[in-house]
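K.L.:
next comes the sequence, and after it the predicted model I'd like to discuss.
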Amino acid sequence: MSRSWRPLDGVLLFDKPLELSSNIALQKVRRLFQAEKAGHTGTLDPLATGLLPICFGEATKFSLALLDADKTYRASVRLGQTTSTGDAEGEVTSSHEVNLDEARVQQVLRQFTGEIEQLPPMHSALKHQGKPLYEYIRKGETVEREIRKVVIHEIHLERFEGNELIMTVRCSKGTYIRTLAEDIGQALGCGAHLFGLRRTAISQFSIEHAHTFAQLEAMDSTERDACLLPVDCMLQELPSLELDTVQVARMAQGQRLGMDLALPDGKVRLYDQGVFIGLGELSGRRLAPSRLLASVAKNAAQRDETPA
């Protein structure tokens, strides 16, 4: 019997478990919700757990907002050992005695706040000529990578004991916590690798409000659907604008509107009678459609066909 897929729009805050790739987690959740279309908002390694927002239907059009957002991680770092992959999956490549106090650790952590440079690891999903880097390393090949700049907004030392430290890191998109752990170990003079990682926040979304697969599986379909956040939840940092019926119809036709607004240039959330319809791009006094929901043109056409 074939599965019956259904149109579904919204955002689920999912708590990805250990040893499950982001894509497999996405497909499991999609099947559970029987959603026609779904996508996630940023890959987590199989050995990482935590917040993985999953977008359904129209929400996938706006997932870039979370891909570009700041993220927060709780990282467990083992000092005194380096590995071939920078994490617990790899083979130990060197071992050193750990003789540090907390003051020294705090001093080094402060050196890694602000804008820093990172060399993306070979064991990553970063693509080179259309293929992820980890495919090259599996063949014994190494690819020359460019150093990239990222921003570490904050590092908070949660615990330091023996050869283990646990830290919370709030950082910009594109930050490799595995590389950060290795670089911290090098700065401490003893080497280090990442042996645990949990994403606890993306932008304003927290792991505290996420759902595990077991929790979702125990719900009926009505309860599961109630877990979904509205499509525009990812866009709350943008200014909003209410349009009238005529303006909505013109936007649906791809027309620009002349507007006299006290808003800065850039993206604007658009609403029709309080209902989110998509994004507009404001430039000077002109408002152009940027990305609208598929239902906007359909609803506008239905209004035109309705007898006066």
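P.N.:
All right, it came through fine. Numbering: from 1, shown residues only.
K.L.:
where exactly do the strands run in the stretch 51-200 of the chain?
P.N.:
With DSSP state E, counting those that start in this stretch as the criterion, the stretch 51-200 of the chain has strands at 71-79, 81-83, 92-95, 114-118, 127-128, 131-132, 148-161, 164-171, 192-202.
K.L.:
again with the stretch 201-308 of the chain
P.N.:
Along the stretch 201-308 of the chain, the stretches classed as strands by DSSP E, counting those that start in this stretch are 205-206, 240-243, 257-258, 266-272, 275-283, 286-292.
K.L.:
closest one to residue 161 among these?
P.N.:
Nearest to residue 161, of all those, is strand 205-206, at 26.5 Å by CB to CB. Every C-beta, even on glycine, is put in place using the N, C-alpha and C of the backbone.
K.L.:
what's that closest one packed up against?
P.N.:
Counting by 3 or more CB pairs under 8 Å, 6 or more residues apart in numbering; DSSP states H and E, the packing neighbours recorded for strand 205-206 are strand 48-56.
K.L.:
let's see it at 10 Å
P.N.:
strand 10-16, strand 48-56, strand 71-79 (3 or more CB pairs under 10 Å, 6 or more residues apart in numbering; DSSP states H and E).
K.L.:
what does that strand contact?
P.N.:
11, 13, 41, 51, 53, 66, 69, 71-72, 200, 229, 233-234 (CB atoms under 10 Å, 6 or more residues apart in numbering).
K.L.:
ok, the residues you listed vs residue 148, which is closest?
P.N.:
For the contacts of strand 205-206, the nearest to residue 148 is residue 71 (15.6 Å; CB to CB).
K.L.:
give me the number of residues near the closest residue to that closest one other than its chain neighbours?
P.N.:
Among residues not flanking residue 71 along the chain, residue 202 sits closest, at 5.2 Å (CB to CB, 6 or more residues apart in numbering). Residues lying near residue 202 (other CB atoms under 10 Å) number 24.
K.L.:
what pLDDT is listed against residue 202?
P.N.:
Note for residue 202: predicted pLDDT of 96.
K.L.:
beta partners for it?
P.N.:
residue 71, residue 205 (DSSP bridges).
K.L.:
worst-scoring helix or strand of the protein, pLDDT-wise?
P.N.:
strand 127-128 (a mean of 50; mean pLDDT, DSSP states H and E).
K.L.:
which residues of the stretch 1-150 of the chain score low on pLDDT?
P.N.:
By pLDDT under 70, the weakly predicted segments of the stretch 1-150 of the chain are 1-3, 122-145.
K.L.:
change it to 50
P.N.:
Within the stretch 1-150 of the chain, the segments meeting pLDDT under 50 span 1, 128.
K.L.:
now do the same contact list for residue 263.
P.N.:
Counting by CB under 10 Å, 6+ apart, residue 263 has contacts 238-241, 282, 287.
K.L.:
sorry, back to before: format the strands of the stretch 201-308 of the chain as CSV; extra columns: mean neighbour count, mean pLDDT and distance to residue 185.
P.N.:
As requested, those are arranged in CSV below (neighbours: other CB atoms under 10 Å; pLDDT from 0 to 100; distance: least, CB to CB, whole Å):
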stretch, mean neighbour count, mean pLDDT, distance to residue 185
strand 205-206, 18, 96, 29
strand 240-243, 15, 95, 46
strand 257-258, 13, 94, 55
strand 266-272, 19, 96, 40
strand 275-283, 19, 96, 43
strand 286-292, 17, 95, 43
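K.L.:
I'd like those strands as JSON lines, with distance to residue 88 appended.
P.N.:
Listed next are these as JSON lines, based on distance: least, CB to CB, whole Å:
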{"stretch": "strand 205-206", "distance to residue 88": "26"}
{"stretch": "strand 240-243", "distance to residue 88": "45"}
{"stretch": "strand 257-258", "distance to residue 88": "55"}
{"stretch": "strand 266-272", "distance to residue 88": "40"}
{"stretch": "strand 275-283", "distance to residue 88": "41"}
{"stretch": "strand 286-292", "distance to residue 88": "40"}
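K.L.:
nearest to residue 191, of those strands?
P.N.:
Taking CB to CB, strand 205-206 is the member of the strands of the stretch 201-308 of the chain nearest to residue 191, at 32.8 Å.
K.L.:
any chance of the contacts of residue 263 in JSON lines, plus distance to residue 179?
P.N.:
Formatted as JSON lines, those follow (distance: CB to CB, whole Å):
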{"residue": "238", "distance to residue 179": "32"}
{"residue": "239", "distance to residue 179": "36"}
{"residue": "240", "distance to residue 179": "38"}
{"residue": "241", "distance to residue 179": "41"}
{"residue": "282", "distance to residue 179": "38"}
{"residue": "287", "distance to residue 179": "42"}
